[in-house]
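Asks: Here is my input; please provide its structure:
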Amino acid sequence: MRINAFSDVCLRVVMLLAAAPEGELLTSRTISDGVATPYNHVSKAVARLRELGLVEAVRGRFGGVRISAQGRTASVGSLLRQLDTRTDLADCETPDGKCPLHEGCGLRFALRRAREAFYAELDGAVISVLSQRRPSGPVPVSLGVRALS
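Replies: Numbers count the residues shown, from 1 in each chain. I've put the predicted structure just below:
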């Protein structure tokens, strides 16, 4: 399974916002730089995420975007389901416009089941858990002394 480019941008935006300090507002430009995606794509993603209630936008000079409580607890599977606008994974159209196997074809059904299994696997992946800030810098290591026998 592959996710589309828009879903990819939305996931990166919401994960970046989840990794930001609690309540911090990020501008769309800052998000754009952070996810290495053009500003206009990020703006569209932020607008859609706002519609879904996953992010909150504050207007004004000191405004920006932050993740909502709903966004923190959202699963990747549920988000991808909401972002996926495809009705079918396979293009079952011929130049005539009709599939010759339309009545007896089980491919569409099998692909829908596979897509749902893909999303179901991602239902256990919560945005805030996936995007926890990791400590940066040197990692302390303790070297134990092994006793010789």
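Asks: How is the closest residue to residue 70 other than its chain neighbours classified with respect to secondary structure?
Replies: Nearest residue to residue 70, sequence neighbours excluded (CB to CB, 6 or more residues apart in numbering): residue 53, at 4.9 Å. Quick note: C-beta positions are derived from backbone N, CA and C, even for glycine. At residue 53, secondary structure determined by DSSP: H, G, I helix; E, B strand; the rest coil is coil.
Asks: what residues are up against residue 53?
Replies: 68, 70-71 (CB atoms under 8 Å, 6 or more residues apart in numbering).
Asks: State the distance from it to residue 36.
Replies: Using CB to CB, to the nearest Å, residue 53 is found at 26 Å from residue 36.
Asks: count of residues packed around residue 47?
Replies: 13 (other CB atoms under 10 Å).
Asks: How about residue 50?
Replies: Residues near residue 50, counting by other CB under 10 Å, number 15.
Asks: what's the answer for residue 27, then?
Replies: So residue 27, with other CB under 10 Å, has 14 neighbours.
Asks: Is the one residue sitting closest to the centre of the chain within a helix or a strand, and which one?
Replies: The centroid of the chain falls nearest to residue 11 when counting by CA atoms, centre = their mean (2.1 Å). Assigned by DSSP states H and E, residue 11 falls within helix 5-19.
Asks: For that helix, buried residues please.
Replies: Under the neighbour-count criterion of 16 or more other CB atoms under 10 Å, helix 5-19 has 7-19 buried.
Asks: Could you let me know which of these ends up closest to residue 116?
Replies: Nearest to residue 116 out of those is residue 7 (CB to CB; 15.6 Å).
Asks: can you tell me which residues contact the closest one?
Replies: By CB under 8 Å, 6+ apart, the residues touching residue 7 are 79-80, 83-84.
Asks: How about residue 130?
Replies: Applying CB under 8 Å, 6+ apart, the residues near residue 130 are 15, 18, 76.
Asks: one more time with 10 Å
Replies: Contact analysis of residue 130 by CB atoms under 10 Å, 6 or more residues apart in numbering lists 11, 14-15, 18-19, 75-76.
Asks: Sketch out the strands for this structure, chain order is fine.
Replies: For the chain, the strands defined by DSSP state E occupy 55-58, 64-67.
Asks: neighbours around residue 79, how many?
Replies: If we define neighbours as other CB under 10 Å, then residue 79 has 22 of them.
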